[in-house]
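# fold the following and give me the result.
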Amino acid sequence: MTDPIADLLTRIRNAGMRRIETIVVPHSNMKEKIVKILAEEKFVSGYHVETNKENGFKELHIDLRYSDKQFVIQKLTRISKPGIRRYVSYDKIPRVLGGIGICILSTSRGVMTGGEAKKQKVGGELLCIIY
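Okay, here's the model as predicted:
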């Protein structure tokens with residue numbers, strides 16, 4: 001797998017279209033931080049990390065959120081890709097749908113939303129946009 005973040009976003013998008021309640025993805029620290037932001041922003045109901053008993057690898061269990069049988073996340077878009085990285089300064093961080101959506105950045109101070117990065121006046125790699 002060349003892009004684990006794109007794989008995470010695709011699994012969430014596909015599960016949402018099929019109305020699946022919980023998905024399991026391979027664990028990484030970056031994925032866990034992204035899912036933590038999604039949980040804080042109420043795009044997913046929750047998550048937890050478990051160790052697989054068969055192979056000993058960690059797995060990330062994500063509980064998806066629905067409203068009136070409609071998936072809460074309308075769009076998940078990967079912006080910075082392994083072939084073309086996209087970096088933004090803090091004053092160029094995009095507003096997603098007038099503040100309804102969020103963008104997630106990987107900064108020198110960790111993974112955070114665009115709003116947090118603007119407050120801390122720090123730019124970074126624009127990972128994805130979610131609304």
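
# contacts, neighbours, all on C-alpha from now
Will do.

# tell me which helix or strand the nearest residue to L105 once chain neighbours are set aside sits in.
With Cα to Cα, 6 or more residues apart in numbering as the criterion, L105 has its nearest non-adjacent residue at 4.6 Å, and that residue is L126. Here L126 is covered by strand 124-130, with elements defined by DSSP states H and E.

# which residue lies nearest the spatial centre of the chain?
I34 (4.0 Å; Cα atoms, centre = their mean).

# now for it: which residues touch it?
I104, V111 (Cα atoms under 8 Å, 6 or more residues apart in numbering).

# what helix or strand is it on?
helix 29-40.

# tell me the angle that helix makes with strand 124-130.
Using axes from the mean of the first three to the mean of the last three Cα atoms, to 10 degrees, the inter-axis angle of helix 29-40 relative to strand 124-130 is 50 degrees.

# before we move on, the earlier item: so what touches the strand holding L126?
Contacts for strand 124-130 (Cα under 8 Å, 6+ apart): 73-81, 85-90, 96, 101-108.

# confidence score at G98?
For G98, the pLDDT comes out at 88.

# doesn't it belong to a strand?
No: read with DSSP: H, G, I helix; E, B strand; the rest coil, G98 is helix and lies in no strand.
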